[in-house]
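>>> One predicted model, sequence on top.
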Amino acid sequence: EDQVTQSPEALRLQEGESSSLNCSYTVSGLRGLFWYRQDPGKGPEFLFTLYSAGEEKEKERLKATLTKKESFLHITAPKPEDSATYLCAVQPYGGATNKLIFGTGTLLAVQP
Amino acid sequence: KAGVTQTPRYLIKTRGQQVTLSCSPISGHRSVSWYQQTPGQGLQFLFEYFSETQRNKGNFPGRFSGRQFSNSRSEMNVSTLELGDSALYLCASSSGTSGRLIVDEQFFGPGTRLTVL
């Protein structure tokens, strides 16, 4: 069964303290892995799509990496405005469908 | 370019009632997917519509249904509401051109917060 597990469930950082969020996945065939950011009361905001092991993508203080079994979201020198829930999702192969399987997210709090 | 819009933003219903939620995708997008988000289960896929046809369906009871119109707008309906249906219902819009080697990026709306009393 296709499955996504994110860790830790919650993370508290001091401003400037770099860290990484983990997303482990089990899928029969990976079409793509997605990272989203979700602020309270809002819909998820698209961050990155990764397709194959070894791929990396960056955006401001965020860098996403992908291996055959997991993905990491590295946050460098975070700021309080980076506080949010970060969601990981996979899209398995399986016909023409956009179905995403989500992890339960990591709640990040960055304190000034 | 306008984003995904969902109406209403908030709803309060009582058990046994039915509800209809609406989603307008990004202009030019032909695929709309619906997800249910709860604190315990996270985001779970409900169904996906492409060109007015249901392309995929998640593991939800038949009380949950949807449709898509010719202008790509979509509605979902929940009949005979139960307390456990209280959730944030999210709509995601994409171009719909996903294939074996092409991943379709999906953009979410703000959601409809449904509370069942």
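Right, received. Where do you want to start? Just so you know, these numbers come straight off a predicted model, no measurement behind them.

>>> Quick check: closest non-adjacent residue to B:Ile26.
B:Ser93 (4.7 Å; Cβ to Cβ, 6 or more residues apart in numbering or on different chains). The way it works is simple: take the backbone N, C-alpha and C, and place the C-beta from them, glycine included.

>>> residues in contact with that neighbour?
B:Val4, B:Cys23, B:Pro25, B:Ile26, B:His29, B:Ser31, B:Val32, B:Gln106, B:Phe107, B:Phe108, B:Gly109 (Cβ atoms under 8 Å, 6 or more residues apart in numbering or on different chains).

>>> try 10 Å
In this structure, B:Ser93 makes contact with A:98, B:3-5, B:23-33, B:72, B:74, B:104-109, judged by Cβ atoms under 10 Å, 6 or more residues apart in numbering or on different chains.

>>> mind listing what's buried in the helix or strand hosting B:Thr115?
For B:Thr115, the host element (DSSP states H and E) is strand B:112-116. For strand B:112-116, the neighbour count (16 or more other Cβ atoms under 10 Å in any protein chain shown) marks B:Thr112, B:Arg113, B:Leu114, B:Val116 as buried.

>>> hey, what's the first one bridged with?
Put plainly, it is B:Thr112. As for beta bridges, B:Thr112 partners with B:Tyr89 under DSSP bridges.

>>> where do the strands sit along chain B?
Here chain B has its strands, by DSSP state E, at B:5-7, B:10-13, B:19-24, B:31-38, B:42-50, B:53-57, B:64-68, B:74-78, B:87-94, B:107-108, B:112-116.
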